[in-house]
Every structure is written in C-alpha cells, then in structure tokens.
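In: Here's my sequence, what's the structure:
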Amino acid sequence: MVTPERDVAIDESLMLFKGRLGWKQFIPLKRARFGVKCFMLGESISGYVWSIIIYTGKDTILKPEYSKLCFSSQIVLTMMEPLLHKGYCLTIENYSSSTELADKLVSCRTDTYSTLNLKRKEVPKEMQKKKN
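Out: The predicted structure is shown next:
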C-alpha cells in the first residue's frame, strides 16, 4: 500500500453520468452538471488519489463514531482516520471547514488549512464582524 506524503487534500468531484440513478447529483457550476458526486483524499504534490467516498445521499457509508458531527466533518474524519495521529497537513475546501472539525483534527495531531466560512453558526460573533 502507498503511504501519502505529509501534505494531503480533500475535495469533491462530479463524475459525469447520464443514466438513471437515485443519487445522481446536479451541480450547475460544474462542467459535467449531472453525475455521481465523490469526495477524494489525495496527495497535494503528486495528485495521487488515496481514498474515495461516493456520495449516495443518507446511505453514504461513514464511520459511526462521528455521527454526532455535521456531514462534512464526518466525511473528512472518515477519510482521514488512517492518517490521524501521524502529523499530516490537510487542506480542505470552504464547504468542509468548521471550528469543530479544526479542533478535532488538531487534537489528533493533524494540521488543517482552509478558508473559514464566517456565516457558520459556531463561529464567534467577534469574528463575524467586518473590519473596516
């Protein structure tokens, strides 16, 4: 089995699919607007895809120990589980970022880089105020 380098990233992808499928997605901003949504964990340097989770709606297979967290955090922690406590640096997109996830990753010796969405409910009010 290949061991990924220190810097890894998680991103979503939409694989083109025109057939009938109950969990086919429509994302108008993607080039292939209809398809199967996947979450991929890969190396930042080489682009090697190390792990994939196919989004199948509420039946998406995730680790039950993360069920109390939001869905995006469950995706990230399920994919990162074999790499936790090993000093990896994870880059995630705005959709997945949250203070709760960052705390969990840091407690597992995993650094994280992301843009924080200031409109999330768990972000402190002091941070939500715009600076002039």
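
In: Let me know the pLDDT of the spatially most central residue of the chain.
Out: The centroid of the chain falls nearest to Val76 when counting by Cα atoms, centre = their mean (4.3 Å). pLDDT for Val76: 93.

In: For Asn117, see how far away it is.
Out: Applying Cβ to Cβ, to the nearest Å, one obtains 14 Å for the distance of Val76 from Asn117. From N, CA and C alone the C-beta is placed, and that goes for glycine too.

In: cool, and Leu83?
Out: Distance of Leu83 to Asn117, given as Cβ to Cβ: 24 Å.

In: re earlier: do I have it right that the residue nearest to the centre of the chain meets Asp11?
Out: No. Contact between Val76 and Asp11 fails when scored by Cβ atoms under 8 Å: they sit 10.9 Å apart.

In: before we move on, back to that, looking at Leu83 and Asn117, which is more packed in?
Out: For Leu83 versus Asn117, neighbours defined as other Cβ atoms under 10 Å are more numerous around Leu83 (19 against 12).

In: Now do the more buried one against Leu116, distance only.
Out: Between Leu83 and Leu116 the distance, using Cβ to Cβ, works out to 22 Å.

In: Tell me where the protein is predicted with low confidence.
Out: Confidence mapping of the chain against pLDDT under 70 gives the ranges 1, 130-132.

In: now do 50
Out: Counting by pLDDT under 50, not a single residue of the chain qualifies.

In: Neighbours of the spatially closest residue to Glu5 that is not a sequence neighbour, how many?
Out: The shortest distance from Glu5 to any residue other than its chain neighbours is 5.2 Å, reached at Glu43 (Cβ to Cβ, 6 or more residues apart in numbering). Residue neighbour count, defined by other Cβ under 10 Å, stands at 17 for Glu43.

In: Now do the same contact list for Glu43.
Out: Each residue near Glu43 by Cβ atoms under 8 Å, 6 or more residues apart in numbering is listed here: 4-5, 7-9, 50.

In: Report the beta-bridge partners for it.
Out: Beta-bridge pairing of Glu43, defined through DSSP bridges, involves Val8.
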